[in-house]
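Engineer: Could you look at this predicted model? Sequence included:
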Amino acid sequence: MASIESVKKDDFEEKILKSTKPSLVDFWAEWCMPCKKIEPLLDQLSEEFKDKINFFKVNVDENPCLLYTSDAADELDGVDLGGRRI
């Protein structure tokens, strides 16, 4: 199973905002139990949809400024991933 690439402040714009493919970004923290619980599902989805969607992780404790980089999530109605909406 492929590992989801970590992104930091320095490469966030280039890898995510300027990407031609849609990106799913997991904003996570080591202390966050829901983040740990969803990790296996994100790993599975990243493998299943690797040709259609870029998957990235951002550690919010190491990159708190990235929490406010984009308001795209506010406009997201949901993404259809083969019958599964997220």
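Structural biologist: Cool, got the structure. Small disclaimer: the values here were computed from a predicted structure and weren't measured.
Engineer: Enumerate every residue touching K57.
Structural biologist: I4, E5, S6, V7, V25, D26, W28 (C-beta atoms under 8 Å, 6 or more residues apart in numbering). (Each C-beta comes from the backbone N, C-alpha and C, glycine too.)
Engineer: Kindly report the same for S6.
Structural biologist: Contacts of S6 by C-beta under 8 Å, 6+ apart are F56, K57, V58, N59.
Engineer: Compare those and tell me which is most surrounded.
Structural biologist: Of all the contacts of S6, V58 has the most neighbours under the rule other C-beta atoms under 10 Å, reaching 22 neighbours.
Engineer: Bridging across strands, which residues link to it?
Structural biologist: F27 (DSSP bridges).
Engineer: isn't it right up against S23?
Structural biologist: No: between V58 and S23 there is no contact under C-beta atoms under 8 Å: 10.8 Å.
Engineer: which one of the contacts of K57 has the most neighbours?
Structural biologist: V7 (22 neighbours).
Engineer: Can you tell me the number of residues neighbouring M33?
Structural biologist: Neighbours of M33 (other C-beta under 10 Å): 8.
Engineer: Can you tell me the element D11 falls in?
Structural biologist: helix 9-12 (DSSP states H and E).
Engineer: now what about that helix, what contacts it?
Structural biologist: Here helix 9-12 makes contact (C-beta under 8 Å, 6+ apart) with V58, N63, C65, L66, T69.
Engineer: what about the third one, distance to N59?
Structural biologist: Right, C65. Distance of C65 to N59, given as C-beta to C-beta, to the nearest Å: 12 Å.
Engineer: Could you pull up the mean pLDDT of the lengthiest helix in the chain?
Structural biologist: In the chain, assigned by DSSP state H, the helix with the most residues is helix 33-48. Averaged over helix 33-48, pLDDT sits at 93.
Engineer: which of the residues in that helix are buried?
Structural biologist: Within helix 33-48, the residues scored as buried using 16 or more other C-beta atoms under 10 Å are C35, L42, L45, S46.
Engineer: Can you tell me which residue sits nearest the middle of the chain?
Structural biologist: Centroid check for the chain by C-alpha atoms, centre = their mean gives V25 as the closest residue, at 1.5 Å.
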